[in-house]
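Asks: 3D model of this:
(2 chains, ligands or ions: 1)
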Amino acid sequence: MQTRRSFLKFGASAATVGALAPLTAHAQSNQVEWDESHEVVIVGSGFAGLAAAVEAAKLGAKDIVIFEKLGVYGGNSTLNAGQACFANTDLQKKLGIEDSAELMVQDQLKSGRGYASEELLRHSAELGPYIYQLTKDCGCVYRDHIINTGGTSATRSHQVIERSGAGFIRPMLKTARSYGVKTKIRHKFEHLITAKDGTVLGIQIRKGYHFSHEDSGKLINVKAEKGVLIATGGFGANVSFRQALDPNLGEEVGCTNARGATGDGLVAMLAEGAMPVHLSFIQSGPWASPDEGGFGYGAGFSLYNFPHSIAIDRNTGQRFMNETADRKTRADLEVQRRDKDGNPNPALLIAPKHEAKKDPSMENVLRYNVAWEFDSVEAIAKHFDLPLAALKQQINDWNQYVKQGEDPQFGKRMNMSTGIYLTAPFIVQRLWPKVHYCQGGIQINTKAEVIAAKNGLPIPRLYAAGEVSGGVHGVSRLGGCSTPECMAFGVTAARSMMKA
Amino acid sequence: MKLITPLIALVISSAIASTAMARDQREYHQMVYDSGCKTCHDQGLKSFPSDTACLQCHDMSDLAKQTARKGHDAKQNPHDSMHYGQEAPCMECHGEHTKKQAICMDCHNFDYPKFN
Ligand SMILES: Cc1cc2nc3c(=O)[nH]c(=O)nc-3n(C[C@H](O)[C@H](O)[C@H](O)COP(=O)(O)OP(=O)(O)OC[C@H]3O[C@@H](n4cnc5c(N)ncnc54)[C@H](O)[C@@H]3O)c2cc1C
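Replies: Now for the predicted structure:
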């Protein structure tokens, strides 16, 4: 007999596999023809999936598999800037930085604007030093310098020497394999296979999948003995999905995410009745450039230069924001820069070369046509068709603010630009926000169990970790705070599976 | 006669191309076309070749040496990159019958002058 819910479940799964009839959306284990069986099944090869694999192996799991739909491993994680906020590490102590998990939770609660989960944040922050050590044991190497990121009350953003998430992903992948973890590319998770009572038995996988060829490869059923961890990341790269949630985030807004960030895992869990949380809280990065794809080199350049530079509207030749406000405030203002016909007219970040050259990002943006050098205000005005007098006035005013240490125009914190005057030659980069991070996702608890919408109870043997989960950070995640959280809940999911 | 053979091959293969999927082809792969589609299409003609198909003739570590870059740019070696090492499968960036670009270009304006 089919209840309304089981009918819905069947419908959702049938839609995913198209004309090829699914075995069943829910079945008895002995009714399913299993092509493979593994002790621990992990979907997604980013921070969450890899941390889970390493931890499960350490806890004695003998048969762990990671399925990755793309041809390459690492998703958003390997594109990441390599920053991770940890509180109370030996490196912080060595550098004389006082910090605590509690302080980190308080900072994040503030930026979550009342929507963050204190419980999940605390769980993640307390695991921080463990994760820090786990990554070092995998062979990740941190810089000696810890970075100060926005919204934090202690310096805690640890960064791997590559300054890229690749510095985590590659050693972790190697470590996982050294434990015998099987890692498979071109294996796309299609949907969950559940028993009548909702218990997750396994998953259906499209083996031999090529991205954007939805019918490539063939379907196989994979049994999960201990459970399934969905670690498929966010949905930032799925334009129709994100635009349905936030009408401002259509095609013309770029995206920093990997191609695979399309929300598959989220949709499949919704189909099984999981609880969605905060899906509309989607963060755009205000430091991005429209003159390259993704995160590129421009993000690093503007992040370094925002404190002592100005962002200019091309119609007015004037500033339009506090260049160091939080991500959302800036991204919302940047996307309003338009020409007379309403088309995007990206703002200009004008930085003084004498300061910009202190960071390696300058060489990269100049070399790859993401920013350009100008030797006078006149040259900038001419090249970008700006009102010269207004721009000149703005630069003079700004230099006055630097001198007096106060920004009456937008209230920017000026102690970061003390003595750094905006003088020629200038380096100019265009600014246009890009969709960056999904605060929302599927609800989990501190055991990384997925919560059912109908009764608030865990769905048996279903776990989620990383960007696919939601509600941890609330309205706005702080920089450097996703890396540790993805890994903490990956580790937690492994512990839960090995205990169950 | 020798000059004509490739021409004939071209005519024949373009006749095949109009019925099958094949469109563009690299001239230097002529030998491979001559030995039949299955040389690469090792999983059936309607499927993508496996990721080991190209590696029957090409060697990733040799390619990595050929495209090596120096200093800071060393990490931009498409066959041994900072993000993916030597693990990115050929078809992530190259297409025999479809135009593609290196996945690096999703985020970077790198210059790969010999890319094809
Ligand atoms: C450019 C960039 C820079 C960032 N910098 C930082 C930073 O410095 N510090 C910080 O804390 N955060 C940063 N973030 C955020 C952070 O990197 C991400 O939130 C995090 O990497 C997500 O990890 P994850 O394991 O949840 O997902 P991902 O790393 O995205 O991994 C998910 C994987 O699952 C795969 N997948 C998806 N669907 C399927 C399917 N159906 N079947 C099989 N596999 C599937 C994907 O292809 C992907 O490889 C950054 C993000 C970006 C995009």
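
Asks: three-state assignment of the residue nearest the centre of chain B?
Replies: Nearest residue to the geometric centre of chain B (C-alpha atoms, centre = their mean): B:His94, 4.7 Å. Three-state assignment for B:His94 (DSSP: H, G, I helix; E, B strand; the rest coil): coil.

Asks: that one contacts B:Tyr112, doesn't it?
Replies: No. Counting by C-beta atoms under 8 Å, B:His94 stays clear of B:Tyr112, with 11.2 Å between them. For the C-beta atoms, the positions are set from N, CA and C on the backbone; glycine is no exception.

Asks: which parts of the stretch 101-250 of chain A sit against the ligand?
Replies: A:Gly165, A:Lys188, A:Phe189, A:Ala231, A:Thr232, A:Gly233 (C-beta under 6 Å from any ligand atom).

Asks: and those, which of them are in strands?
Replies: A:Lys188, A:Phe189 (DSSP state E).

Asks: need the residues of the stretch 101-250 of chain A next to the ligand in a markdown table (columns: neighbour count, distance to chain B and pLDDT).
Replies: Listed next are those as a markdown table, based on neighbours: other C-beta atoms under 10 Å in any protein chain shown; distance: C-beta to the nearest C-beta, whole Å; pLDDT from 0 to 100:
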| residue | neighbour count | distance to chain B | pLDDT |
| --- | --- | --- | --- |
| A:Gly165 | 25 | 8 | 98 |
| A:Lys188 | 24 | 13 | 98 |
| A:Phe189 | 24 | 19 | 98 |
| A:Ala231 | 33 | 18 | 99 |
| A:Thr232 | 33 | 19 | 98 |
| A:Gly233 | 31 | 15 | 98 |
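
Asks: columns distance to B:His41 on top of the residues of the stretch 101-250 of chain A next to the ligand, output as TSV?
Replies: Putting those into TSV (distance: C-beta to C-beta, whole Å) gives the following:
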residue	distance to B:His41
A:Gly165	35
A:Lys188	21
A:Phe189	26
A:Ala231	33
A:Thr232	30
A:Gly233	32
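
Asks: helix or strand: which one has B:Asp24?
Replies: Using DSSP states H and E, B:Asp24 sits within no helix or strand.

Asks: and the nearest residue to it once chain neighbours are set aside, how many neighbours?
Replies: Spatial nearest neighbour of B:Asp24, excluding adjacent residues (C-beta to C-beta, 6 or more residues apart in numbering or on different chains): B:His97 at 5.5 Å. Residues within reach of B:His97, counting by other C-beta atoms under 10 Å in any protein chain shown, total 12.

Asks: repeat for A:Gln404
Replies: Around A:Gln404 there are 10 other residues, counting by other C-beta under 10 Å.

Asks: dump the residue contacts of it.
Replies: If a contact means C-beta atoms under 8 Å, 6 or more residues apart in numbering or on different chains, then A:Gln404 has no contacts.

Asks: per-residue confidence at it?
Replies: You'll see A:Gln404 listed with a pLDDT of 97.

Asks: check contacts around the residue nearest the centre of chain A.
Replies: Nearest to the geometric centre of chain A sits A:Tyr437, at 4.3 Å (C-alpha atoms, centre = their mean). Counting by C-beta under 8 Å, 6+ apart, A:Tyr437 touches A:Gly234, A:Gly236, A:Ile282, A:Gln283, A:Glu467, A:Arg477, A:Ser482.

Asks: next step: those residues restricted to strands.
Replies: Per DSSP E, the subset of the contacts of A:Tyr437 in strands is A:Ile282, A:Gln283.

Asks: out of the contacts of A:Tyr437, which comes closest to chain B?
Replies: Each of the contacts of A:Tyr437 was scored against chain B by C-beta to the nearest C-beta, and A:Gly236 proved nearest at 13.1 Å.

Asks: measure how buried that closest one is and give me the count.
Replies: Look at A:Gly236: counted by other C-beta under 10 Å, it has 26 neighbours.

Asks: return the residues in contact with A:Ser178.
Replies: With contacts defined as C-beta under 8 Å, 6+ apart, A:Ser178 has no neighbours.

Asks: separation between it and A:Ala101?
Replies: 30 Å (C-beta to C-beta, to the nearest Å).

Asks: then A:Arg327?
Replies: Counting by C-beta to C-beta, the gap from A:Arg327 to A:Ala101 is 24 Å.

Asks: more neighbours: the two, which one.
Replies: Of the pair A:Arg327 and A:Ala101, A:Arg327 is the one with more neighbours under other C-beta under 10 Å, namely 22 against 19.

Asks: the more buried one against A:Ala288, yeah?
Replies: No. Taking contacts as C-beta under 8 Å, A:Arg327 lies outside contact range of A:Ala288: 10.7 Å.

Asks: between these two, what contacts are shared?
Replies: Among the neighbours of A:Arg327, those also in contact with A:Ala288 (C-beta under 8 Å, 6+ apart) are A:His436.

Asks: picking that back up, which residues touch the residue nearest to the centre of chain B?
Replies: B:Cys54, B:Lys100, B:Asn116.

Asks: pLDDT weak spots in chain B?
Replies: Counting by pLDDT under 70, the ranges of chain B that qualify are B:1-23.

Asks: check it for the residue nearest chain A and tell me.
Replies: Nearest to chain A in chain B, going by C-beta to the nearest C-beta, is B:Cys107, at a distance of 3.2 Å.

Asks: excluding its backbone neighbours, what's nearest that residue?
Replies: A:Gly294 (3.2 Å).

Asks: can you read off the pLDDT for that neighbour?
Replies: So, for A:Gly294, pLDDT stands at 94.

Asks: and the one 3 residues further on, by the same measure?
Replies: According to the per-residue confidence, A:Tyr297 scores 92 in pLDDT.

Asks: pretty sure it is touching A:Met362, no?
Replies: No. Using C-beta under 8 Å, A:Tyr297 is not in contact with A:Met362, being 9.5 Å away.

Asks: could you tell me the average pLDDT over the helix or strand hosting A:Leu219, please?
Replies: Using DSSP H and E, A:Leu219 maps to strand A:218-230. Mean pLDDT, strand A:218-230: 98.

Asks: ditto for stretch A:273-290
Replies: On average, stretch A:273-290 scores 96.

Asks: does that stretch reach the ligand?
Replies: No. On the criterion C-beta under 6 Å from any ligand atom, stretch A:273-290 is out of touch with the ligand, staying 7.9 Å away.

Asks: for A:Ala154, grab the count of nearby residues.
Replies: 17.

Asks: list the contacts of it.
Replies: Neighbouring residues of A:Ala154 by C-beta under 8 Å, 6+ apart: A:Ala87, A:Gln92, A:Ile97, A:Glu98, A:Asp99, A:Leu103, A:Met104.

Asks: list the contacts of the first one.
Replies: Residues counted as contacts of A:Ala87 (C-beta under 8 Å, 6+ apart) are A:Asp99, A:Ser100, A:Ala101, A:Leu103, A:Met104, A:Ala125, A:Gly128, A:Pro129, A:Ala154, A:Arg156.

Asks: same question, the last one
Replies: Residues touching A:Met104, when contacts are defined by C-beta under 8 Å, 6+ apart, comprise A:Cys85, A:Ala87, A:Leu121, A:Ala125, A:Gly128, A:Thr152, A:Ala154, A:Arg156.

Asks: per-residue confidence for it?
Replies: Here the pLDDT value assigned to A:Met104 is 97.

Asks: how much space separates it from A:Gly479?
Replies: Here the criterion is C-beta to C-beta. By it, A:Met104 lies 13 Å from A:Gly479.
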